[in-house]
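> give the three-dimensional model of this entry:
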Amino acid sequence: MTLLTLMSSLTTVRSKVKSIYFRRPILRRLSARASGGGPNRDGPGGLGATLVVATDADIASVVMRDAVLRRGGWVPVESKDCEEDGKLNNGKIFRHDRSPNVYMWSLPPTAEFLVCDFVDKAFLKRLQGLPKLSEVIFMSRHAARSGKPALTIHPIGNPRASKWTAQLGGKPGLCPPPSPRMGKMFRLLKQCAQDRGLTDEFDVTFEATHHGPFLDTPSMFVEIGSCEEHWCREDAGECWADVLERFFSQDTASDDSDDIVMSIGGGHYVPFMSDFVLKHKVTPGHMLPSYLMDDVSTDYDVTPEWEIAVREAIDSTQRAIAGSQRRLSIYVDKKSLKSEARKRVVELVAGAVGVSHHTTNKKDVVRPSTTSIN
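This is a model prediction of the structure:
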């Protein structure tokens, strides 16, 4: 065999291995899941329960929790102690008597959200008899250097392993599935904030995917920001109580018509996703900011990390809508990416399995059959 033939054969083998690797991205998650167990849900809109999590370690979380509990209907639930879960062994669990498939777990001050990996599994061990969860909602503070008041929603995860630090929590390079009901939550938040006269002061916005914890259940963070002065605001807490009260009372099956839109590019805040969700009946998937794509190039011998990150986000978003009729679209914000990065990202997205539509044109994000909101 000549050297040229050998090099050609090695290139072919590497290409096939790469193809198999990315068609089975879930293999990369097996080691992370080993400590937490397997999936625990039927899928979006299924029979699983919704878990709302608060913690005494977070003043905004306390403000939101207390506002929600003051609405009434929350019944304490006895639970089993699980010593092996450490900081997740304590706290109080409530069930909503008007929405019996909704639970709240109020964690002690030792439980910082970012390190509460597999909180879904810990909850199911404590509440024996509940077969599965379909969604986890974290009530949290939002911190920003600007200090501008904000009410935010975002999916969680750490797509870029090399950019991960312990302060971010979760698992490097892995993303939990985004809650497929973030779109509904955001539309309710916008309406309730307007009704309470908060939108003149508070930004209502999505944030890009960032930070932990890691879990298998579709999840989202709902937040008050952006500094201690705002975290303590009772009016912001009451606004979130309005939102969650309406959110819990609505039929989850009606959410199955929301197509899901994942985005690549843009800043840490994602105003174009807010526009998509408010104008059309869609919900966000993972949102990857352009700073995660700052090293895209063609000069590599192994699969680059940015590509692994994009495929992880796609895989995670697809798992959030598995078993439903929803379609996944991907919007690439071309203006925020350098030309080479834009080209490579679009090529990657175009070849991704299970993506029904991709575009760099905001006007073309929503397919014609998707419902607009009047």
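
> the spatially most central residue of the chain: what's it in contact with?
In the chain, the centroid-proximal residue (CA atoms, centre = their mean) is residue 155; its distance is 2.1 Å. By CB atoms under 8 Å, 6 or more residues apart in numbering, the contact list for residue 155 reads 175-176, 178-179, 182, 209, 219-221, 284-287. The way it works is simple: take the backbone N, C-alpha and C, and place the C-beta from them, glycine included.

> let me see the contact set for the closest residue to it other than its chain neighbours.
Distances taken as CB to CB, 6 or more residues apart in numbering place residue 178 nearest to residue 155, at 3.6 Å, with adjacent residues excluded. Taking CB under 8 Å, 6+ apart as the criterion, residue 178 is in contact with 155, 209, 218, 219, 220, 260, 284, 285, 286, 316, 317, 320.

> among those, which are located in strands?
Taking DSSP state E, the ones among the contacts of residue 178 that sit in strands are 219, 220, 260, 284, 285, 286.

> what comes up buried for the helix or strand harbouring residue 123?
Using DSSP states H and E, residue 123 falls within helix 119-126. Residues of helix 119-126 classed as buried: 119, 120, 121, 122, 123, 124, 125, 126 (neighbour count, 16 or more other CB atoms under 10 Å).

> ok, so of these, who is nearest residue 163?
For the buried residues of helix 119-126, the closest approach to residue 163 (CB to CB) belongs to residue 119, at 23.3 Å.

> how about the strands in the stretch 1-150 of the chain?
Counting by DSSP state E, counting those that start in this stretch, the segments of the stretch 1-150 of the chain that form strands are 49-55, 74-76, 92-96, 102-107, 133-143, 150-154.

> mean pLDDT and mean neighbour count added to the ones you listed, as CSV?
As requested, the strands of the stretch 1-150 of the chain are arranged in CSV below (pLDDT from 0 to 100; neighbours: other CB atoms under 10 Å):
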stretch, mean pLDDT, mean neighbour count
strand 49-55, 97, 24
strand 74-76, 96, 13
strand 92-96, 95, 19
strand 102-107, 96, 23
strand 133-143, 96, 24
strand 150-154, 98, 24
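
> dump these to JSON lines, plus distance to residue 201.
Shown next, in JSON lines, are the strands of the stretch 1-150 of the chain (distance: least, CB to CB, whole Å):
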{"stretch": "strand 49-55", "distance to residue 201": "24"}
{"stretch": "strand 74-76", "distance to residue 201": "29"}
{"stretch": "strand 92-96", "distance to residue 201": "30"}
{"stretch": "strand 102-107", "distance to residue 201": "28"}
{"stretch": "strand 133-143", "distance to residue 201": "15"}
{"stretch": "strand 150-154", "distance to residue 201": "10"}
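
> nearest to residue 327, of those?
Closest among those, using CB to CB: strand 133-143, at 19.8 Å.

> the helix holding residue 123 packs against which elements?
strand 49-55, strand 102-107, strand 133-143 (3 or more CB pairs under 8 Å, 6 or more residues apart in numbering; DSSP states H and E).

> now render the ones you listed as TSV, adding distance to residue 65.
Converted to TSV, the helices and strands packed on helix 119-126 look like this (distance: least, CB to CB, whole Å):
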stretch	distance to residue 65
strand 49-55	4
strand 102-107	6
strand 133-143	6
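
> where does the protein have low pLDDT?
1-47, 82-87, 89, 251-257, 297-301, 367-374 (pLDDT under 70).

> which one of the contacts of residue 178 sits closest to residue 327?
residue 260 (7.4 Å).

> can you report how many residues lie near the closest one?
Neighbour count of residue 260, defined by other CB atoms under 10 Å: 25.

> for the closest residue to it other than its chain neighbours, which residues are in contact?
Using CB to CB, 6+ apart and skipping the chain neighbours, the partner closest in space to residue 260 is residue 285 (4.8 Å). Listed by CB under 8 Å, 6+ apart, the contact set of residue 285 reads 155, 178, 260, 261, 262, 263, 313, 317, 320, 328.

> repeat that for 10 Å
By CB atoms under 10 Å, 6 or more residues apart in numbering, the residues touching residue 285 are 155, 175, 177-178, 180, 182, 209, 259-263, 273, 313-314, 316-318, 320-321, 328-330.
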